[in-house]
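# Starting from these lines, generate the structure:
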Amino acid sequence: MRRGGDMFRYYECEKCGKKYFPRKIRCYCGSMSFKEVVVDKAIGSISTYTVILVPPKGFTPPIYIGIAEYDGMKILGRYVGDPERLKVGIKVELHNDDGTTTFSPIE
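Got it, this is the predicted structure:
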């Protein structure tokens, strides 16, 4: 049995094959037909990040937010790993099966 967060799901246009995350209503090609794609292990790389020191109520600072590139997509998520390892270019595993997009460093 999988625990939440072990998979990554994105959406692919059934007409032209363009990939999206999150899902779009309409593809740039005009199609509104998408299929959900689920992968067990999505490996991307951090292209940029920021550190939030004054987060919204209910969150404990600091919060590390980044953009990871995966299979042609740029995905916004929360970095959940050793802050000392966070830098542009590191390889991360993407997770979103539990409704929250997170990145964890590849060991």
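
# And the average pLDDT for the host helix or strand of Val38 is what?
The secondary structure element spanning Val38 is strand 34-39 (assigned by DSSP states H and E). Within the predicted structure, the mean pLDDT of strand 34-39 is 95.

# could you point out which element follows it?
Under the assignment DSSP H and E, the closest C-terminal helix or strand after strand 34-39 is strand 42-52.

# Buried residues, that following strand. List them.
Residues 42, 44, 46, 49 are the ones in strand 42-52 that count as buried (16 or more other CB atoms under 10 Å). Where C-beta positions appear, they are placed from N, C-alpha and C, glycine not excepted.

# any chance of those residues in a markdown table, plus distance to Arg85 and pLDDT?
Conversion of the buried residues of strand 42-52 to a markdown table gives the following (distance: CB to CB, whole Å; pLDDT from 0 to 100):
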| residue | distance to Arg85 | pLDDT |
| --- | --- | --- |
| Ala42 | 18 | 94 |
| Gly44 | 15 | 96 |
| Ile46 | 10 | 98 |
| Tyr49 | 11 | 98 |
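
# Tell me the secondary structure of the residue nearest to Thr100 when sequence neighbours are not counted, please.
Of all residues not flanking Thr100 in the chain, Arg78 sits nearest, at 7.0 Å (CB to CB, 6 or more residues apart in numbering). Taken by DSSP: H, G, I helix; E, B strand; the rest coil, the conformation at Arg78 corresponds to strand.
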